[in-house]
Structure formats: C-alpha cells, structure tokens
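In: Sequence plus predicted model, see below.
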Amino acid sequence: MTVTEDRTGPELDLEAGFDRTIGADQRVEPRDWMPEAYRKTLIRQIAQHAHSEIIGMQPEGNWILRAPSLRRKAILLAKVQDEAGHGMYLYAAAETLGVDREELTEKLISSKQKYSSIFNYPTLSYADIGVIGWLVDGAAICNQVPLCRCSYGPYARAMVRICKEESFHQRQGFELLLAMVNGTDAQKAMVQESVDRWWWPSLMMFGPPDDDSPNSAQSMAWGIKRHTNDELRQRFVDMSVPQAAALGVTLPDPELVWNEDRKSHDYGEPDWAEFKAVIAGSGPANAQRVAHRRRAHENGAWVREAAQAYADKQAARAREQEVPA
Ligand SMILES: [Fe+2]
Ligand SMILES: [Fe+2]
C-alpha cells in the first residue's frame, strides 16, 4: 500500500493498524478505520453481488407460473425467494460501509453499477431451471465459499449463510436434471440443449482471465479475494466434469480433456468478446432486466412511502412518551 505524503501522524497509525489486521488475517469491522480505496472496492463488489441476487430472480421467476408440477413450483418459489433474501443481506452489509440501499438501487436501475453477466441470458425451457441451479449456483458457490473468509466482517458473515443456501440450490438443480435425464428422450434432449447454452456463460461468471483482471492483485492483498479468476474457473471445470458424466450430458467444449500432469482438466477459451459485450450492456436480456427492475422499484414507491410514514409516526409517538408528565 502506498502512503501519501499529506497524511498526518494519527492517520499513519490507523493505516498501520489496518495493515496489521489484514496481515494477521483478522476481520475489519464497520467501526474500524479503513483506507478509502478498500471501502470503495467493497461497496462496488458487495453492491454488484447484491444486484446479481436481485436481478437473478428474473430469469427463474419467468418460469414460476409454468412450472410442470406443484412440487416444482414450490421448489422454484422457495429458491427465488432465497435469492431475494441474499440480496437483502448483501445490501445490509453494504450499508455498514456508509452507503444507502436507495442509492445503490438507483445506480442499478440507471446502469451505473453492474451485476453478473450470466443473468443477461434468457431462460428458454424448464431445463434451464435445473441447469441454472447446477451450473450457475455451482459457479456462484466456487466464487463465494472463499468470500466467507473475506477480510470485511459483515460481508464474510453474510456469505456464510448465503453459501449454505447456494449449495442447496445447486442440489435442487441437479435433482431436477437427474429426473429429466431419466425421463423421455425429449426431456433428455432438452437438458443437453440447455447445457449447451449455459456452459460457456457459466465459465464467464469467474470474470476475465487473470492477465486481463487489473484489480485482482489489490483485492487479494486486502484479503477480499482469496483465489484468482482462473483458479476458481479451473476448480469449477474440475467439479463439473464428473457431475456432467453422472447426468450423461456432454459439456460443449471439444478441448475439454484431463491433463494428467496438472491433475486438472484443460479446457477451451470462452468467447471473451461476448463477455465484454454482455458486461457493456449488449447481452440478449440486459435492457429487459434493468427495465423490469426499474418498473418494480417504481411500483413499490407507495410501499416505501407508507413504511416511512409509519416509522415517522412511531418515532413521533415515542418522543411524546418521553416528555415527563
Ligand atoms: Fe443467491
Ligand atoms: Fe442461488
């Protein structure tokens, strides 16, 4: 970390304290001094994560009314509701850094803050519900388990609960796919078609390759990030291959092969031009996702106003009761 010349003595002490906390692998808490760049990085990352949970409700919510059975509908409803909860924990964690949830939502609906590229792809069949659980929640777990040890306490603690629920999501996706691949030929084909569409976008969830990921080194030095994008992507590929074999589906990568020397799978290069285009807003569903979120936010204005009016009334009443008789 660079120390700028205009810092005063006490601030240098604070910075040394922060460095000691990070060096000892301890948690930074909201009351602690932290460098402004650390705070900003965390706000950006946690907000992006919260937005992903909330926007991620849309592609799956799309199928709630068309679930093939009451059982599947109940499962999907519960899963989508979990994602809303994840968004709420994460906005709350971001608020401990001095930002307001309203401000973050404004940034999302005006496209000033991003969310995971994966949610800009459409869900075209019910197999997509299974494949999202298996691959998308699976990739999220690979990314998020190390965040349970993130240096910022409120984020790390939120991630512990989120990860437990994400592993349940992954299992429900796999269970749905298992039912489908043991069903009719048409169902099996539906699963394969879905895997073909989601495999590469799932690999892109880990972000750009390490040599094109300029902020990673600083995030690792701060203990926010524990593994590089390519390490996590490799872990995901190695985890998915035996699971694909158990399902009897083919992962759509002709270069995917076991490498005995590395004790890992070699795999092909995702289409990074597509990734960049989706991140920049040109994915198949970016405009639809953001417009839907904006509409939902506007439609909810009366709820926020009513809640605020109620809170104000309660506060006024509490003040009246404090006045001595
Ligand atoms: Fe989630
Ligand atoms: Fe999930």
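Out: In hand now; what should we look at? Numbering: from 1, shown residues only. Ligands and ions are numbered 1, 2, ... in the order given.
In: What count of nearby residues applies to residue 213?
Out: 16 (other CB atoms under 10 Å). Every residue, glycine included, has its C-beta placed from N, CA and C.
In: so who does it touch?
Out: Residue 213 makes contacts with 207, 228, 229, as judged by CB atoms under 8 Å, 6 or more residues apart in numbering.
In: And for residue 145?
Out: Here residue 145 is in contact with residue 163 (CB under 8 Å, 6+ apart).
In: Next, residue 25: secondary structure please.
Out: When classified by DSSP: H, G, I helix; E, B strand; the rest coil, residue 25 comes out as coil.
In: burial measure for it, as a count.
Out: For residue 25, using other CB under 10 Å, the count is 9.
In: residue contacts, it?
Out: 151, 223.
In: confidence score at it?
Out: Note for residue 25: predicted pLDDT of 92.
In: got it, and the one 10 residues further on?
Out: As predicted, residue 35 sits at a pLDDT of 95.
In: My guess is it contacts residue 16. True?
Out: No - Residue 35 is not in contact with residue 16 according to CB atoms under 8 Å; the separation is 11.6 Å.
In: Out of these two, name the residue with the larger neighbour count.
Out: residue 35 (15 against 11).
In: how much space between the more buried one and residue 17?
Out: As judged by CB to CB, to the nearest Å, residue 35 and residue 17 stand 11 Å apart.
In: which ones are touching whichever residue of the stretch 51-200 of the chain sits closest to ligand 2?
Out: Residue nearest to ligand 2 within the stretch 51-200 of the chain: residue 169 (3.8 Å; CB to the ion). By CB under 8 Å, 6+ apart, the contact list for residue 169 reads 79, 82, 133, 137.
In: on that earlier part again, just curious, which of the contacts of residue 213 is nearest to ligand 2?
Out: Closest to ligand 2, out of all of these and judged by CB to the ion, is residue 207, at 18.3 Å.
In: Can you report how many residues neighbour that closest one?
Out: 20.
In: Distance of it relative to ligand 1?
Out: The gap separating residue 207 from ligand 1 is 17 Å, by CB to the ion, to the nearest Å.
In: before we move on, what about residue 148?
Out: 14 Å.
In: what does residue 55 give?
Out: Distance from residue 55 to ligand 1, by CB to the ion: 11 Å.
In: That residue contacts residue 289, correct?
Out: Yes - at 5.3 Å, residue 55 counts as touching residue 289 under the criterion of CB under 8 Å.
In: and the residue nearest to the spatial centre of the chain, what helix or strand is that in?
Out: What sits nearest the mean C-alpha location of the chain, by CA atoms, centre = their mean, is residue 49, with 4.2 Å. Following DSSP states H and E, one finds residue 49 within helix 36-55.
In: Thanks a lot, catch you later.
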